[in-house]
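Chemist: Attaching a predicted model along with its sequence, questions to come.
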Amino acid sequence: MSAPPRRLRDRGTGMSMTVKTVMRWLKGPILLFGIYMVLYGHITPGGGFGGGVVIASAFVLITLAAGQKEGLRIFPLGMASRLDSAGLLLFLVIGWLGTWWAGGYFFENYIPTAETARFSLFSGGIIPLGNLVLGLKVASALFLVFTVLTAFHITDELLGETEVQQRQEDKS
């Protein structure tokens with residue numbers, strides 16, 4: 001039996017040293033910018049969804065540059081799945097507390113804010129909390145979607161290679 005083709009043997013090792021170096025420089029600022037978008041989304045453009053997308057893109061960048069093994073070492077699938085579920089559960093609990101605690105409507109603002117706190121991190125009542133858990137959910141869910149799509153791509157590619165090898169063996 002011959003050795004597998006080079007492109008299948010080197011799978012998961014990532015890209016060139018230049019790309020890996022740039023990734024090491026950029027992953028921190030990208031994560032920080034995503035966290036900033038989540039935390040200050042009620043004051044500036046951004047919020048839970050936009051910040052979650054930026055955070056997920058940092059993990060996608062790590063996976064593409066350094067390989068799937070490194071990406072899953074930093075953000076394992078089990079943790080991503082648990083954070084995705086916890087984000088949704090916490091988002092629903094924050095909304096439900098508006099009906100229970102404030103005796104009002106779903107997602108009613110039940111955290112009072114002082115007039116002097118305008119345009120600060122704590123000026124939005126429950127909105128920053130909602131942004132935080134939504135960012136957690138979006139980042140985890142998008143990374144899970146990316147991982148599943150790459151798994152389908154790898155499986156299709158491997159099946160395609162197997163079919164080609166079988167056809168070559170049948171001809172000989």
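Modeler: Perfect, thanks for sending it. Note that the structure is predicted; figures quoted are calculated from it, not measured.
Chemist: Report the next helix or strand after the worst-scoring helix or strand of the chain on mean pLDDT in sequence order.
Modeler: Ranked by mean pLDDT, DSSP states H and E, the weakest helix or strand in the chain is helix 6-9, scoring a mean of 44. Downstream of helix 6-9, the first helix or strand assigned by DSSP states H and E is helix 17-39.
Chemist: Run through who's touching that next one.
Modeler: For helix 17-39, the external contacting residues (Cβ atoms under 8 Å, 6 or more residues apart in numbering) are 14, 44, 46-48, 50-55, 57-58, 61-62, 65-66, 121, 128, 131-132, 134-135, 139. Every C-beta, even on glycine, is put in place using the N, C-alpha and C of the backbone.
Chemist: how about 6 Å then?
Modeler: Under the criterion Cβ atoms under 6 Å, 6 or more residues apart in numbering, residues 46, 48, 50-51, 54-55, 58, 61-62, 65-66, 131-132, 135 lie in contact with helix 17-39.
Chemist: mind saving the C-alpha coords of that helix as CSV?
Modeler: In CSV, the C-alpha atoms belonging to helix 17-39 read as follows (Å, rounded to 0.1, in the frame of the first residue of the first chain):
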residue,chain,number,x,y,z
MET,A,17,5.2,30.5,9.1
THR,A,18,4.3,34.1,7.9
VAL,A,19,0.6,33.5,8.3
LYS,A,20,1.1,31.8,11.7
THR,A,21,3.2,34.8,12.9
VAL,A,22,0.6,37.3,11.7
MET,A,23,-2.1,35.2,13.4
ARG,A,24,-0.1,35.3,16.7
TRP,A,25,0.1,39.1,16.4
LEU,A,26,-3.6,39.6,15.5
LYS,A,27,-5.5,37.1,17.6
GLY,A,28,-5.2,39.2,20.8
PRO,A,29,-6.3,42.6,19.3
ILE,A,30,-9.2,40.8,17.4
LEU,A,31,-10.4,39.2,20.7
LEU,A,32,-10.1,42.5,22.6
PHE,A,33,-12.0,44.4,19.9
GLY,A,34,-14.8,41.7,20.0
ILE,A,35,-15.0,42.0,23.8
TYR,A,36,-15.1,45.8,23.5
MET,A,37,-17.9,45.6,20.9
VAL,A,38,-19.9,43.3,23.3
LEU,A,39,-19.4,45.4,26.4
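Chemist: quick one: buried residues of it?
Modeler: Lys20, Met23, Lys27, Ile30, Leu31, Phe33, Gly34, Ile35, Met37, Val38, Leu39 (16 or more other Cβ atoms under 10 Å).
Chemist: Tell me which two of these sit farthest apart.
Modeler: Largest separation among the buried residues of helix 17-39 by Cβ to Cβ: Lys20 and Leu39, giving 29.2 Å.
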